[in-house]
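Asker: Next come a sequence and a model predicted from it.
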Amino acid sequence: MRLRVEFTTEPFDLDEAPAHAVVAREIVTGAQLDAVDVGPFGNTAEGDADRVLGAVDALLRRSLAAGATRVSLQVNVIGDEAPGDAAHGEGDAT
C-alpha cells in the first residue's frame, strides 16, 4: 500500500524557518520517500506505507520536541503501485 502525507507545523515564522519546521523537513527528505515537496506553508510526501508511517511517527515526536505547538497532518491511501509501475508491462516489448 502507498500513502501520501501532507503536514504543517506551527507556530509559523515568515522570516526564517523555525527549528521544528527544519526538523520535520529533514525527516521527510531523509526517509527515502517519493515525491517529497516541502514549502513554507505545507509539505507532502508519498511512499510505501511502512516508510510513511515511520516518518510520521518521527515527525510528530521530533518536531514537538523541537518546539512545535501544533502539527496538522493528513494521510491518504493512494494505491499499491510505485511511481512508474503502471508504465511498465504494457508496450514494453523489446
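Answerer: All right, it came through fine. Numbering: from 1, shown residues only.

Asker: Secondary structure element for residue 64, which one?
Answerer: Following DSSP states H and E, one finds residue 64 within helix 49-65.

Asker: mind listing what the helix or strand that comes right after that helix pairs with, with the direction of each?
Answerer: Going down the chain from helix 49-65, the next helix or strand is strand 70-79, by DSSP H and E. Here strand 70-79 is paired, per DSSP bridges, with strand 2-10 (antiparallel).

Asker: ok and the strand it pairs with relative to helix 49-65, angle-wise?
Answerer: Here the directions of strand 2-10 and helix 49-65 differ by 10 degrees (axes from the mean of the first three to the mean of the last three Cα atoms, to 10 degrees).

Asker: What residues sit buried inside strand 2-10?
Answerer: For strand 2-10, a neighbour-count test (16 or more other Cβ atoms under 10 Å) marks 2, 3, 4, 5, 7, 8, 9 as buried. Backbone N, C-alpha and C define where each C-beta goes, glycine included.

Asker: Nearest to residue 45 among those residues?
Answerer: Nearest to residue 45 among the buried residues of strand 2-10, counting by Cβ to Cβ, is residue 5 at 5.6 Å.

Asker: what does the model give the closest one for pLDDT?
Answerer: At residue 5, the pLDDT value in this model is 96.

Asker: doesn't residue 57 make contact with it?
Answerer: No - assessed by Cβ atoms under 8 Å, residue 5 is found out of contact with residue 57, at 11.2 Å.

Asker: hang on, the earlier thing: tell me the one among the buried residues of strand 2-10 nearest to residue 24.
Answerer: residue 9 (5.2 Å).

Asker: Look up phi and psi at the closest residue to that closest one other than its chain neighbours.
Answerer: In space, and not counting its chain neighbours, residue 9 is closest to residue 68: 4.4 Å by Cβ to Cβ, 6 or more residues apart in numbering. The phi/psi pair for residue 68 (degrees, to the nearest 10) reads phi -60, psi 140.

Asker: Cool, thanks, signing off.
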